[in-house]
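Visitor: Turn this into a model:
(chains A, B, C and D)
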There are 4 protein chains.
Amino acid sequence: MSTPTWNNRGFTAPFTATGTSALVPPPPWHYAGWLFNVAFSFDAARALPLVPPAAGRPVGRGCVHFADWQACTDGHELLDPILAQYRETIVVLELERPDGSRCMYCPAIWVDQDISLMRGLLQGWPKKMGSTWLTRSLPLDHPAAAPLRAGSRLGAALAVKDRRLIEAQATLRGEAGRPLGFLAMPTVGAVGWADLRRPEAMPEPCLVRPDIRDKVQSAWHAADAQLRIHPHPGEDIACLGEIEVSDAAAGWVGITVAGAVDAGG
Amino acid sequence: MSTPTWNNRGFTAPFTATGTSALVPPPPWHYAGWLFNVAFSFDAARALPLVPPAAGRPVGRGCVHFADWQACTDGHELLDPILAQYRETIVVLELERPDGSRCMYCPAIWVDQDISLMRGLLQGWPKKMGSTWLTRSLPLDHPAAAPLRAGSRLGAALAVKDRRLIEAQATLRGEAGRPLGFLAMPTVGAVGWADLRRPEAMPEPCLVRPDIRDKVQSAWHAADAQLRIHPHPGEDIACLGEIEVSDAAAGWVGITVAGAVDAGG
Amino acid sequence: MSTPTWNNRGFTAPFTATGTSALVPPPPWHYAGWLFNVAFSFDAARALPLVPPAAGRPVGRGCVHFADWQACTDGHELLDPILAQYRETIVVLELERPDGSRCMYCPAIWVDQDISLMRGLLQGWPKKMGSTWLTRSLPLDHPAAAPLRAGSRLGAALAVKDRRLIEAQATLRGEAGRPLGFLAMPTVGAVGWADLRRPEAMPEPCLVRPDIRDKVQSAWHAADAQLRIHPHPGEDIACLGEIEVSDAAAGWVGITVAGAVDAGG
Amino acid sequence: MSTPTWNNRGFTAPFTATGTSALVPPPPWHYAGWLFNVAFSFDAARALPLVPPAAGRPVGRGCVHFADWQACTDGHELLDPILAQYRETIVVLELERPDGSRCMYCPAIWVDQDISLMRGLLQGWPKKMGSTWLTRSLPLDHPAAAPLRAGSRLGAALAVKDRRLIEAQATLRGEAGRPLGFLAMPTVGAVGWADLRRPEAMPEPCLVRPDIRDKVQSAWHAADAQLRIHPHPGEDIACLGEIEVSDAAAGWVGITVAGAVDAGG
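Guide: Residues are numbered from 1 along each chain as shown, chains lettered A, B, ... in the order given. From the prediction side, this is the model:
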């Protein structure tokens, strides 16, 4: 008598033979969104606790991205957009890699949908849940539209477990801006999974670089911005100390992630 | 000795002498948003339970609007956008008024922010809480962007108390569309407040028409659409019976509400 | 030919001939919940902006109630508990009424369900949306159960628009406690509705006292507590200045509201 | 010159040298909650797609648990209960293991907090986000309290991505009940992590059994119950087909998880 042949078709839990229930299907994953990016500088030494040395050394520059995303695989998510849309706040820090090159590394990121949380963990984006709000720029000449022109004002805020953690405000300059943060440099992430069979051991994360394809960017719109990171009992991002805004820009970007590659470490 | 002079400066509760805590400040209220509108026809007689005869007689046409709004008063809300942004689903029905003119009337609407809920009740939009999702069209050529061109697909859905109530899906036709529903006709609303000192009496609502100014519309983008209204134990909108989609369009609109005027009744 | 006879059967909006869609049905409304109450004293003069003089004069005492409620009318809500359950944070201030008697008055309250929000506004509880969390005491001897005995620790917190506003922490004393705040004294509320046809006028609220029946209380469990009210741009409750905790207790209470009566003013 | 010594102190992401930001600290994890459990039978063959054969063969019995939890590590979470409390819906299926013994296996579970989601994945509870509501029994004689006595009625419901998936209603019998589902038998879970460096490969989950200690149960209260599982485009739990309720009970339970052990496979 033959054993039943059961093949797991779930890319993530739950693991079933249909694959229907899996929280996340395999890539490619397509993302398109409105982003408000604030670049900043800080005392590089203060970031040491946040970055595995195998990833590189902090150079004292970083970026906060507030993002309003729409994501899909085969497109069915756009027809039931609770599956597609989410907002998140991303912090990336610039590193000098052991080989002298530069990359970004993400020590903290918060999102509001489970699908995105899991997709992120697989890429080395260490996602937790958080509540992100960011002003959108609408193509209208109206007081509530924040259109893309000099003087329009934008705001953004992140709360984690009902506490404000990061806030930013900006005024568009009416000039072209630049891609900042993870939009300007490859990003390396740390992936690791605790094993409850050895509950006293912390995981040794491995470093990966998402394999990004089909990146399309709108024009970026430069802004003058303020940025504040508040202390929070469950977050160590405020350890960066005083931060100084160096640049800011808003715009749209689309990317596709096809997988990931090893990134040393 | 003089009595303390205390003036309520709250437009809505809580009523305090500072006005700081009031949920809603006085108008003008500015709104700008992305809307996906689906016009439909139905058996007019079935709408009779939903419409006060003083407002007019249903003619068998209506519209569902899925909206992703940004609203403000003096603009400070755009700097802390949890105060500005919300999503809602609006149902309007076309009426022949007693004087023979036509208007829209809103028998049902659901929103996800308290500020908007109260602002709506004051205008005769009978808002309750609900969860609305709608695909956005982003100005990018990317699989997740649903750009404004023929073939792009959009979806929208409303859930009330954790049950799906209304769903729509559309394909853009790549042609100009028309303003539909409340974008095409004045809207009359019923405002009324129960008085707990007479708990056995139902309020007798009065009819008002919001005083709308500074309306700006982007081009509307025509779509082929499907629309479903599911039965729900706490909602009588499914009493409309079979509905047939007659038109659909997506785009941006900005309006300003300065107050309201009597609308007979 | 006769006009259709249409009777509004909605106690609150939407107003329909079925009454099915109304957010709130008429009373009686039954409430049962777990409450954590922290009584405090403060400089009475600082509360003057928060209290209509017709209600009375603040005496410098108040109470914060964190509540985890279950409410129903005919009981059907308990079979679909998204209709029954909500959490809220209530601030009440003790007043000396013009006739020399004492009452409580509520200048601020935040809840997480629309049904409760509307029911509260009708009673003069000036509800807005907020996120309340409070530790529950479970009848188990377990580290996560916070059982009702000396040394068990409880916490509670309120966030409004993603900002922490009120926080409390307590240790049970293992002694009987007392009813505090609105559990100890009648409560007067201000009810008022802005009229958009006169958008420049603030409403003149009237004072009512909910008609409470069938009040049942469990034993109250005394606690030592800390309480903090943080500044918040949209809330003037921090105007109370320094507050000093005078008593605290946790327990269960059930009440039924049958309507309201005039309370002078 | 020495390399900085950096030790990851994060049990889960983000991985930092402080450990402050980690979503989940190492066990022991203490849980105490109110549970409403509905046992059911079904055609065993229909569960084959949901269960890895290495875990065992479905026998045609299962249980849905609706749970209102409070969880902590060193107890600080009880002082800031947004860190401690969550609700979830758990489905477990009884298996005959390869060695002839019996266990439960969880093919589907939904929770409303990220901390619990990650803690669950590590134990082989395949958690996704969902919205669970369940009536609580309060120690009061009041219409809204659903006290623990014959005739009290309870309800529970789960929605996933704004669609109702599971609903139950019950009437307490006023008799002692039994521990059901995972309360009556050891539970085996499948743990696995996709590797984006091999995006075409589904993970091969391993089987573990959580190491549960310090289990305390209140008396269980028997109930007559109805249970419905609705079709859902993203969930394959409705593949169980017709289900028949065999038993139901409500009560409180506390458990502590210290780690996990291999469970064959």
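Visitor: Count residues in the vicinity of A:Pro139, would you?
Guide: For A:Pro139, the neighbour count with other CB atoms under 10 Å in any protein chain shown is 14. C-betas here are computed from N, CA, C, even on glycine.
Visitor: tell me which element it falls in.
Guide: According to DSSP states H and E, A:Pro139 maps onto no helix or strand at all.
Visitor: Surely it is in contact with A:Pro147?
Guide: Yes - counting by CB atoms under 8 Å, A:Pro147 is a contact partner of A:Pro139 at 6.6 Å.
Visitor: quick check, the lowest-mean-pLDDT helix or strand in chain A touching chain D?
Guide: Least confident helix or strand of chain A, by mean pLDDT, DSSP states H and E, is strand A:206-217 with a mean of 93. Yes - with CB under 8 Å from any CB of the partner chain as the criterion, chain D is reached by strand A:206-217 at A:Val208, A:Pro210, A:Asp211.
Visitor: For A:Tyr86, give me its contacts.
Guide: With contact taken as CB atoms under 8 Å, 6 or more residues apart in numbering or on different chains, A:Tyr86 is in contact with A:Trp69, A:Ala71, A:Val111, A:Asp112, A:Gln113, A:Ile115, A:Ser116.
Visitor: shared neighbours of A:Pro139 and A:Pro147, which are they?
Guide: By CB under 8 Å, 6+ apart, no residue touches both A:Pro139 and A:Pro147.
Visitor: Could you measure from A:Val216 over to chain C?
Guide: When distance is defined by CB to the nearest CB, to the nearest Å, A:Val216 is 32 Å away from chain C.
Visitor: Okay, and the beta partners of that residue?
Guide: Residues in a beta bridge with A:Val216, per DSSP bridges, are A:Gly254.
Visitor: quick revisit: out of the residues of strand A:206-217 next to chain D, which is nearest to C:Thr256?
Guide: C:Thr256 has its nearest neighbour among these in A:Pro210, at 58.0 Å by CB to CB.
Visitor: beta partners of that closest one?
Guide: Counting by DSSP bridges, A:Pro210 is bridged to A:Ala260.
Visitor: Burial check on it, number of neighbours?
Guide: Neighbour tally, A:Pro210, other CB under 10 Å: 25.
Visitor: That one contacts A:Val191, doesn't it?
Guide: No - using CB under 8 Å, A:Pro210 is not in contact with A:Val191, being 10.5 Å away.
Visitor: intersection of neighbour lists for those two?
Guide: The contact sets of A:Pro210 and A:Val191 overlap at A:Gln123, A:Gly124, D:Leu196 (CB under 8 Å, 6+ apart).
Visitor: Pick out the residue in the stretch 1-150 of chain A sitting closest to chain B.
Guide: Residue nearest to chain B within the stretch 1-150 of chain A (CB to the nearest CB): A:His142, separated by 3.1 Å.
Visitor: Identify the residue spatially nearest to that residue, adjacent ones excluded.
Guide: With CB to CB, 6 or more residues apart in numbering or on different chains as the measure, B:Gly254 is the residue that lies nearest to A:His142, at 3.1 Å, once sequence neighbours are left out.
Visitor: who's in contact with the one you found?
Guide: A:138, A:140-145, B:30-33, B:214-217.
Visitor: and if you look at A:Tyr105?
Guide: A:Tyr105 is in contact with A:Val51, A:Ala55, A:Gly56, A:Val92, A:Leu93, A:Leu95, A:Thr187, A:Val188, A:Gly189, A:Ala190, counting by CB under 8 Å, 6+ apart.
Visitor: Mark which of these are part of strands, please.
Guide: Applying DSSP state E to the contacts of A:Tyr105, the entries found in strands are A:Val92, A:Leu93, A:Leu95, A:Thr187, A:Val188, A:Gly189, A:Ala190.
Visitor: Pretty sure A:Gly19 sits against A:Phe11.
Guide: Yes - counting by CB under 8 Å, A:Gly19 touches A:Phe11, with 7.5 Å between them.
Visitor: Can you check which residues contact both of the two?
Guide: A:Pro25.
Visitor: Neighbour count: the two, which is higher?
Guide: Applying other CB under 10 Å to A:Gly19 and A:Phe11 shows that A:Phe11 carries more neighbours, namely 24 against 18.
Visitor: what pLDDT does the more buried one get?
Guide: On the pLDDT scale, A:Phe11 is placed at 98.
Visitor: picking that back up, from B:Trp69, how far out is the residue nearest to A:His142?
Guide: 10 Å (CB to CB, to the nearest Å).
Visitor: so what sits against both of the two?
Guide: Residues touching both B:Gly254 and B:Trp69 by CB under 8 Å, 6+ apart: B:Tyr31, B:Ala32, B:Gly33.
Visitor: Give me the neighbour count for the last one.
Guide: Here the count is done by other CB under 10 Å, and B:Gly33 has 26 residues near it.
Visitor: Now do the same contact list for the closest residue to it other than its chain neighbours.
Guide: Sequence neighbours aside, B:Trp69 is the residue nearest to B:Gly33 in space, at 3.8 Å (criterion: CB to CB, 6+ apart). Neighbouring residues of B:Trp69 by CB under 8 Å, 6+ apart: B:Tyr31, B:Ala32, B:Gly33, B:Gln85, B:Tyr86, B:Arg87, B:Glu88, B:Ser116.
Visitor: do that again at 7 Å, thanks
Guide: Applying CB atoms under 7 Å, 6 or more residues apart in numbering or on different chains to B:Trp69 gives the contacts B:Tyr31, B:Gly33, B:Gln85, B:Tyr86, B:Glu88.
Visitor: how close does it get to chain D?
Guide: 19 Å.
Visitor: Over to A:Glu88?
Guide: Taking CB to the nearest CB, one finds A:Glu88 at 13 Å from chain D.
Visitor: Contacts only, for A:Gly192.
Guide: Here A:Gly192 is in contact with A:Pro203, A:Glu204, A:Pro205, A:Cys206, D:Ala13, D:Phe15 (CB under 7 Å, 6+ apart).
Visitor: 8 Å - rerun?
Guide: A:Gly192 sits next to A:Pro203, A:Glu204, A:Pro205, A:Cys206, D:Asn8, D:Ala13, D:Phe15 when contact means CB under 8 Å, 6+ apart.
Visitor: A:Leu183 too?
Guide: Taking CB under 8 Å, 6+ apart, we find A:Leu183 in contact with A:Leu35, A:Asn37, A:His65, A:Gln217, A:Val253.
Visitor: Same question for A:Phe15.
Guide: By CB under 8 Å, 6+ apart, the contact list for A:Phe15 reads A:Asn8, A:Ala22, D:Pro52, D:Pro126, D:Ala190, D:Gly192, D:Met202, D:Pro203, D:Pro205.
Visitor: One more: A:Ala219?
Guide: A:Ala176, A:Gly177, A:Gly251 are the contacts of A:Ala219 under CB under 8 Å, 6+ apart.
Visitor: and the contacts of A:Gly192, which of them are in strands?
Guide: Reading strands off the contacts of A:Gly192 with DSSP E, I get A:Cys206.
Visitor: Among the contacts of A:Gly192, the buried ones, what's the PyMOL command?
Guide: Applying 16 or more other CB atoms under 10 Å in any protein chain shown to the contacts of A:Gly192, the buried members can be selected in PyMOL as follows:
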select buried, (chain A and resi 203+205+206) or (chain D and resi 8+13+15)
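Visitor: I'd like to know which of the contacts of A:Gly192 is nearest to B:Gly181.
Guide: Set against B:Gly181, the nearest of the contacts of A:Gly192 by CB to CB is D:Ala13 (45.8 Å).
Visitor: Find the nearest non-adjacent residue to the closest one, please.
Guide: Excluding the flanking residues, the one nearest D:Ala13 by CB to CB, 6+ apart is A:Pro126, at 3.4 Å.
Visitor: Quick check: which element contains the residue nearest to the spatial centre of chain A?
Guide: Chain A has A:Ile90 as the residue nearest its centroid, 4.0 Å off, counting by CA atoms, centre = their mean. A:Ile90 is part of strand A:85-96, with elements assigned from DSSP H and E.
Visitor: related to what we said a few turns ago, filter the contacts of A:Leu183 down to just the buried residues.
Guide: A:Leu35, A:Asn37, A:His65, A:Val253.
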